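A.B. asks: Could you look at this predicted model? Sequence included:
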There are 2 protein chains.
Amino acid sequence: MLDEVYTAVATPNIALVKYWGKRNDELILPHNTSISITLDETFKTTTSVAFSGKLDRDIFFINGEEQNLDSHEVKERFKVVDEMRRMAGSAEHAVVYSVNSFPTAAGLASSASGISALVFATSKALGLDIGTSRLSIIARQGSGSACRSLMGGFVKWKKGEKDDGSDSYIEQIKGNGYWPDIVAFVAIVSEAKKKVSSRAGMKQTVETSKLYRERPNVAEEHAKELEKAIMEKDFPTLARITMEESNSMHAVMLDTFPPIIYLNDISKEIIHAVHELNSGGNIAAYTFDAGPNAVVVTTEKNKGDVYNALNSIGGIKDIVELKIGSGPRIADRQYEAEINAIIEKNR
Amino acid sequence: MLDEVYTAVATPNIALVKYWGKRNDELILPHNTSISITLDETFKTTTSVAFSGKLDRDIFFINGEEQNLDSHEVKERFKVVDEMRRMAGSAEHAVVYSVNSFPTAAGLASSASGISALVFATSKALGLDIGTSRLSIIARQGSGSACRSLMGGFVKWKKGEKDDGSDSYIEQIKGNGYWPDIVAFVAIVSEAKKKVSSRAGMKQTVETSKLYRERPNVAEEHAKELEKAIMEKDFPTLARITMEESNSMHAVMLDTFPPIIYLNDISKEIIHAVHELNSGGNIAAYTFDAGPNAVVVTTEKNKGDVYNALNSIGGIKDIVELKIGSGPRIADRQYEAEINAIIEKNR
């Protein structure tokens, strides 16, 4: 008899109020609340999971390639499976088969959609009946910002106050249908893999940046202001806070020793182009994560102008238009043949 | 009879602990103490001044070209002449003839050497018998950082506490003979004029950067640490603070809204190259002002390696080696013929 396969689809999120720095490295507890929008399925990870008594080890495939579960990065991310297996009281090993469908490589990080899909599919495969806030606490421990991809629309990851992290989970501010006018362009500047991992980089920032002493206060203020702007559908304020947050995070990165500099001359051109577009009032906002690629947020009315401005900048390799997405979902089972072949081969 | 001409020579300074932000825009009082080294006469301004009863207006030449004294920038800088004329009780108008001898244009700002030479020559021309700390209070009101060029060696500009600025003046930490081992390379990346003036830029930073709330505290800590490192001739610590200060200032510039970004991809390469050189301990330090050009500070022992590392970076137009200088001096009278011709023409 075949082992049962569960499949989930999840998407990246892009932070408008940024997460950069942990108050607890082990539990992945952030120094500040962050707010993101979950993107639609233009970029997505599809992950199938099966638990089987026939295996004596976990097996993890990404894009058809088996991953080394002893590698630090994979082990950290796979912790979420151990945690849920413990919760379910299961002793069976898992096959995880994950496929990233990202039109351009490294345009957006696949870790958030990957971990979110993994957590979602695994909870179904193990028959765990737990809510999203609890799931987000598990996902958070795989990779902090991943937890925000467990819901659609505008999502807040609360920093929490408790030492055990039980109050550091996500809440949906508004769903993806609330403000359909919002458009996000991903401007792909470089496909190169980032030199400094986010995990290592933010640790260095917390340890060495002296301006970081003020950063959590700034982010908490911005989170409150942004939540209000979302509730009031106040795009100019949303845009201002989004840009200030991107700049604030890249400022503390630059203030890290040695400095972490992700923005390059093309990123600078994008920043200047957006401020030029905004000279008569904010119609667009840039935001950058741990790389030179920009996400430019605007509205349907202005998206033509914004696209044209981006398109006139030399050095941008691709511009992809996205909308706000609805969050992860259970899909028809996929990669069933691949998973069963893996189990047969490894039993 | 010819009017008497007085001539002074002054040089730029480069801040190791940075000045970026005023607590009083009118008096030019800084939010924090800064520390600089005054450079040698490789780059210098030579300024001759004569006061004459034959003129009915002030006349100001830079590099042979008459300046418009109604322009905002020139007027601000010329305030120092008015101030000293008031102190001397003189009613005569001045001819100022100033020549910048900078091997490469815009490699370093000429405002500090220019104002410093102007203040020095004018005080002599007016027969004012005032000390350097008092002179620095006058120079400060022409352009903040200029006051640090009124002494040689390692110079501290105290932020002061008083509202009238009477305790915000310079002090020499050590003269130019104290640590002759120090070498400074100026790496010229761009000769383009900066888009945002320092004056306007730092005002925007103080008004809009939220991380700036912590910046004065950081700079005060760095100033204390750096003064100690100078007293102990502790180069690795001097280098670390110098780099942290440059990064801290450029971080609050980036955190300004809209952001001020002076560093470019070549500046980034210089930063990375210096950290590479420092992998076994700090032997060099970069520092950037309001532009992409770097000053890289090192010592005689390591200057060959540092030069070679800089020289291998494409996009650097010129590398100039300097030592710490001795500060401004009164020189043999120069441009006497030019000044008397100007007086004759305008009487």
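C.D. replies: Sure thing, it's come through. Residues are numbered from 1 along each chain as shown, chains lettered A, B, ... in the order given.

A.B. asks: low-confidence ranges in chain A?
C.D. replies: Where chain A drops to pLDDT under 70, the residues are A:1-2, A:103-107, A:191-195.

A.B. asks: Flag every buried residue along the helix ranked longest in it.
C.D. replies: As assigned by DSSP state H, the longest helix anywhere in chain A is helix A:235-254. Buried residues in helix A:235-254, counted by 16 or more other C-beta atoms under 10 Å in any protein chain shown: A:235, A:237-254. Just so you know, the C-beta spots here come from the backbone N, C-alpha and C atoms, and that holds for glycine as well.

A.B. asks: Considering only those, which also neighbour chain B?
C.D. replies: Checking the buried residues of helix A:235-254 against chain B by C-beta under 8 Å from any C-beta of the partner chain, the ones in range are A:240, A:243, A:244, A:247, A:248, A:250, A:251, A:252, A:254.

A.B. asks: Leaving out the residues flanking it, which one is nearest to the third one?
C.D. replies: Meaning residue A:244. residue B:257 (5.7 Å; C-beta to C-beta, 6 or more residues apart in numbering or on different chains).

A.B. asks: Residue A:60 should be in a strand, yeah?
C.D. replies: Yes - assigned with DSSP: H, G, I helix; E, B strand; the rest coil, residue A:60 falls within a strand.

A.B. asks: wait, isn't it in contact with residue A:80?
C.D. replies: No - when contacts are counted by C-beta atoms under 8 Å, residue A:60 is not listed as touching residue A:80 (11.7 Å).

A.B. asks: For chain A, just list every one of the helices.
C.D. replies: A:72-88, A:111-125, A:132-140, A:198-208, A:215-231, A:235-254, A:265-277, A:303-311, A:336-346.

A.B. asks: Tell me which of those helices lies nearest to residue A:318.
C.D. replies: Ranking these by proximity to residue A:318 (C-beta to C-beta) places helix A:303-311 first, at 10.4 Å.

A.B. asks: mind checking how far the residue positioned nearest the centre of chain A is from residue A:149?
C.D. replies: In chain A, the C-alpha nearest the mean C-alpha coordinate belongs to residue A:112, at 3.7 Å (C-alpha atoms, centre = their mean). As judged by C-beta to C-beta, to the nearest Å, residue A:112 and residue A:149 stand 4 Å apart.

A.B. asks: Give the residues shared as contacts by these two.
C.D. replies: With contacts taken as C-beta atoms under 8 Å, 6 or more residues apart in numbering or on different chains, residue A:112 and residue A:149 have A:10, A:12, A:13 as neighbours in common.

A.B. asks: Export these as JSON lines, with columns for distance to residue B:329 and neighbour count.
C.D. replies: Formatted as JSON lines, the shared contacts of residue A:112 and residue A:149 follow (distance: C-beta to C-beta, whole Å; neighbours: other C-beta atoms under 10 Å in any protein chain shown):
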{"residue": "A:10", "distance to residue B:329": "70", "neighbour count": "29"}
{"residue": "A:12", "distance to residue B:329": "63", "neighbour count": "33"}
{"residue": "A:13", "distance to residue B:329": "62", "neighbour count": "32"}
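
A.B. asks: what does chain A put close to chain B?
C.D. replies: Counting by C-beta under 8 Å from any C-beta, chain A sits next to chain B at A:209-211, A:213-215, A:217-218, A:221, A:240, A:243-244, A:247-248, A:250-252, A:254-259, A:261, A:263-265, A:268, A:271, A:275.

A.B. asks: and those, which are buried?
C.D. replies: A:209-211, A:214-215, A:218, A:240, A:243-244, A:247-248, A:250-252, A:254-259, A:261, A:263-264, A:268, A:271, A:275.

A.B. asks: if I read this right, the residue nearest to residue A:244 contacts residue A:241, doesn't it?
C.D. replies: No - the pair residue B:257 and residue A:241 fails to qualify as a contact (C-beta under 8 Å) at a distance of 10.3 Å.

A.B. asks: circling back to that earlier point, and the helices of chain A, which is most packed in?
C.D. replies: By mean neighbour count, with neighbours taken as mean count of other C-beta atoms under 10 Å in any protein chain shown, helix A:111-125 ranks first of the helices of chain A at a mean of 27.

A.B. asks: got the CA positions of that one in CSV?
C.D. replies: Written as CSV, here are the backbone C-alpha positions of helix A:111-125 (Å, rounded to 0.1, in the frame of the first residue of the first chain):
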residue,chain,number,x,y,z
SER,A,111,13.1,30.1,2.4
ALA,A,112,9.9,31.7,3.6
SER,A,113,7.7,30.0,1.0
GLY,A,114,9.7,26.8,1.5
ILE,A,115,9.3,26.6,5.3
SER,A,116,5.8,27.8,5.2
ALA,A,117,4.8,25.1,2.7
LEU,A,118,6.7,22.5,4.7
VAL,A,119,5.0,23.4,8.0
PHE,A,120,1.6,23.4,6.4
ALA,A,121,2.0,20.1,4.6
THR,A,122,3.6,18.4,7.6
SER,A,123,0.9,19.4,10.0
LYS,A,124,-1.7,17.9,7.6
ALA,A,125,0.4,14.7,7.1
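
A.B. asks: Now find how far off-centre it is within its chain.
C.D. replies: Centre-to-centre, helix A:111-125 and its host chain are 12 Å apart (C-alpha atoms, centre = their mean, to the nearest Å).

A.B. asks: again with stretch A:210-230
C.D. replies: Here stretch A:210-230 is found 19 Å from its chain centre; the criterion is C-alpha atoms, centre = their mean.

A.B. asks: same check, this time on stretch A:57-72
C.D. replies: Distance, stretch centre to chain centre, for stretch A:57-72: 21 Å (C-alpha atoms, centre = their mean).

A.B. asks: Need the distance between the two termini of it.
C.D. replies: End-to-end distance of stretch A:57-72 (C-alpha to C-alpha, to the nearest Å): 17 Å.

A.B. asks: Kindly report the same for stretch A:28-36.
C.D. replies: 17 Å.

A.B. asks: For the residue lying closest to residue A:183 once chain neighbours are set aside, list the residues it contacts.
C.D. replies: The shortest distance from residue A:183 to any non-neighbouring residue, by C-beta to C-beta, 6+ apart, is to residue A:303 (4.7 Å). Residue A:303 sits next to A:183, A:185, A:321 when contact means C-beta under 8 Å, 6+ apart.

A.B. asks: Residues in contact with stretch A:126-136: which ones?
C.D. replies: A:51, A:84-85, A:87-88, A:90, A:119-120, A:123, A:147-148, A:150-151, A:157, A:169-171.

A.B. asks: now do the same end-to-end measure for stretch A:152-169.
C.D. replies: From start residue to end residue, stretch A:152-169 stretches across 15 Å - C-alpha to C-alpha.

A.B. asks: One more: stretch A:298-313?
C.D. replies: One end of stretch A:298-313 to the other measures 18 Å (C-alpha to C-alpha).

A.B. asks: quick one on the thing from earlier: so how far is the longest helix of chain A off the chain centroid?
C.D. replies: 17 Å.

A.B. asks: Against which helices or strands is it packed?
C.D. replies: If you count contacts as 3 or more C-beta pairs under 8 Å, 6 or more residues apart in numbering or on different chains; DSSP states H and E, helix A:235-254 packs onto strand A:13-17, helix A:198-208, helix A:215-231, strand A:285-288, strand A:294-299, helix B:235-254.

A.B. asks: thinking residue A:101 is in contact with residue A:43, fair?
C.D. replies: Yes - with contact defined as C-beta under 8 Å, residue A:101 counts as touching residue A:43 (7.1 Å).

A.B. asks: Identify the residues contacting the residue nearest to the centre of chain A.
C.D. replies: Going by C-beta under 8 Å, 6+ apart, residue A:112 touches A:10, A:12, A:13, A:143, A:145, A:146, A:148, A:149.
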